[in-house]
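**Student:** Build me a model from this:
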Amino acid sequence: MSEICSTEAHNSTKELRDDKKKAQDGEEEIDIDLDAPETEKAALAIQNVVLNVVLNVVLNVVLNVVLNVVLNVLLNVVLYVVLNVVLYVVLNVVLNVVLYVLNVVLNVVLYVVLNVVLNVVLNVVLNGAVCGAECGAECGAVCGAECGAVCGAECGAVCGAEWC
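**Tutor:** Numbers count the residues shown, from 1 in each chain. Here you go, the predicted structure:
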């Protein structure tokens, strides 16, 4: 039985060597005529396929990169400009409106306050002098400060009726 096993192992090893040799012999048997027109056509076809693949890959990569970069740059520039313009305009308009409203309010407040204060002061000062002149020397001495502060424009009538 051991003879049978060793014979089988030897036979299978021999078969493997023969198959390997046949495969090597098969490769050596291929003879390509490089000057044949079919070989040139096949070489050109392979060259065209390789060239097309390379061109497609290169063009796809270049176009994708260029388009992505260009579109990103354009998008960023447009967004930057639009946002800056919008923010500038909005903020400028809002700030101008706020400043205008504050200006109007301050002008109204100042106008009212100054008019009231100046009118009161001027009435006191001027009406005191007018009252004295209108009421005569005696009334001016009696009415004096009271007349300007209390009577105002009616000083002459009040002083004339009550005091003079």
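**Student:** Please enumerate the helices of this protein.
**Tutor:** 2-29, 37-146, 155-158 (DSSP state H).
**Student:** who does the second one touch, helix- and strand-wise?
**Tutor:** Just to be clear, that refers to helix 37-146. helix 155-158 (3 or more CB pairs under 8 Å, 6 or more residues apart in numbering; DSSP states H and E). Where you see a C-beta, it was placed from the backbone N, CA and C, and this is true even at glycine.
**Student:** residues near residue 108, how many?
**Tutor:** Neighbour count of residue 108, defined by other CB atoms under 10 Å: 10.
**Student:** got a list of what it touches?
**Tutor:** By CB atoms under 8 Å, 6 or more residues apart in numbering, no residues touch residue 108.
**Student:** quick one: it from residue 102, how far?
**Tutor:** The gap separating residue 108 from residue 102 is 11 Å, by CB to CB, to the nearest Å.
**Student:** Show the low-confidence segments of this protein, by residue range.
**Tutor:** Scanning the chain for pLDDT under 70 picks out the ranges 1-29, 126-164.
**Student:** rerun that using 80 as the cut-off
**Tutor:** For the chain, the stretches flagged by pLDDT under 80 are 1-32, 34, 121-164.
**Student:** distance between the ends of stretch 33-42?
**Tutor:** Separation of the first and last residues of stretch 33-42 by CA to CA, to the nearest Å is 12 Å.
**Student:** And the contacts of it?
**Tutor:** For stretch 33-42, the external contacting residues (CB under 8 Å, 6+ apart) are residue 32.
**Student:** List the buried residues of that stretch.
**Tutor:** When burial is assessed from 16 or more other CB atoms under 10 Å, stretch 33-42 yields no buried residues.
**Student:** Numbering from 17 from now on, please.
**Tutor:** All set: I'll call the first residue 17, so the last point we hit is now stretch 49-58.
**Student:** ok, so what distance separates residue 68 from residue 104?
**Tutor:** Residue 68 is 52 Å from residue 104, by CB to CB.
**Student:** Fine by me, we can end here.
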